Every structure is written in C-alpha cells, then in structure tokens.
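Q: just coords:
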C-alpha cells in the first residue's frame, strides 16, 4: 500500500504562554474546551529535543487502546478468547506475587458473589 499523503499532523500556533513562579503554564482555553480538559486533568509531558509535547492522558490512553485492539485483531484474537484466559492468568500472577499465600490453606471459606 503506498504511503498516504495525509500522514502529517496538523500544527497550529495557539498562543505564547508565560512560565509562572511555580513552573506552571496555562493551556489556552480554546484547546482545553476542544479536548474537554478540566482543572486537574492529567497531561503527559514529553521532551522532544528542546521542545515539550503536552498530551491529554485520555488521548494517550485511547491511542494505546486502539493499538492493542489492532494488534489483537491482526492476530485473530477475539474479546471472548482474551476473557477466557483471565482466571488462569490471575492465579499465576497471584502465585508469583504472593507465593506464601498461594500455597497455604485458606483460613476461611470464600463465599461466591453473584
């Protein structure tokens, strides 16, 4: 497949910000509104040479989820296949993390919740 001409990311000048006393900057309101960012929203900060790249965490998480979904799909893995592996995987992780507890007898009987 030939490369698409639409591989560039849009670049737009928004504003010049000033660094506050505590190293804080204000993200322009138009960008906060467009990305639905509220006070306290987590932002990933990456250094690219002498530049900083600010990425809203929900965007980064969505991109990661998309990459994971694409990888699973390309290998023919369905959601039900993945979910079926969880009980065994959970037991292995528990045994590796808490070996003394995993190999001891339970002190009380567990009640299954429905």
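A: Cool, got the structure. The shown structure was predicted, so the numbers you read here are calculated from the model rather than taken from an experiment.
Q: Tell me the secondary structure at residue 17.
A: coil (DSSP: H, G, I helix; E, B strand; the rest coil).
Q: Quickly list what residue 44 is bridged to.
A: Taking DSSP bridges as the rule, residue 44 bridges to residue 55.
Q: Would you confirm that it contacts residue 57?
A: Yes. Residue 44 is within contact range of residue 57, at 5.9 Å (criterion: C-beta atoms under 8 Å). C-beta: built from backbone N, CA, C; applies to glycine.
Q: Next, the buried residues of stretch 78-93.
A: Going by neighbour count (16 or more other C-beta atoms under 10 Å), nothing in stretch 78-93 comes out as buried.
Q: low-scoring stretches of the protein, by residue?
A: 1-9, 106-110, 114 (pLDDT under 70).
Q: Touching the longest helix seen in it from outside, list them.
A: As assigned by DSSP state H, the longest helix anywhere in the chain is helix 57-74. Outside helix 57-74, the residues that touch it by C-beta atoms under 8 Å, 6 or more residues apart in numbering are 35, 41, 42, 43, 44, 78, 82.
Q: that's a helix at residue 31, yeah?
A: Yes. Remark: residue 31 belongs to a helix, assigned using three-state DSSP.
Q: What count of nearby residues applies to the closest residue to it other than its chain neighbours?
A: Closest residue to residue 31 in three dimensions, ignoring its sequence neighbours and counting by C-beta to C-beta, 6 or more residues apart in numbering: residue 14, at 6.0 Å. By other C-beta atoms under 10 Å, the residues close to residue 14 number 10.
Q: Same question for residue 14, what's its three-state structure.
A: Three-state call for residue 14 (three-state DSSP): coil.
Q: Let me see the contact set for it.
A: 28, 30, 31.
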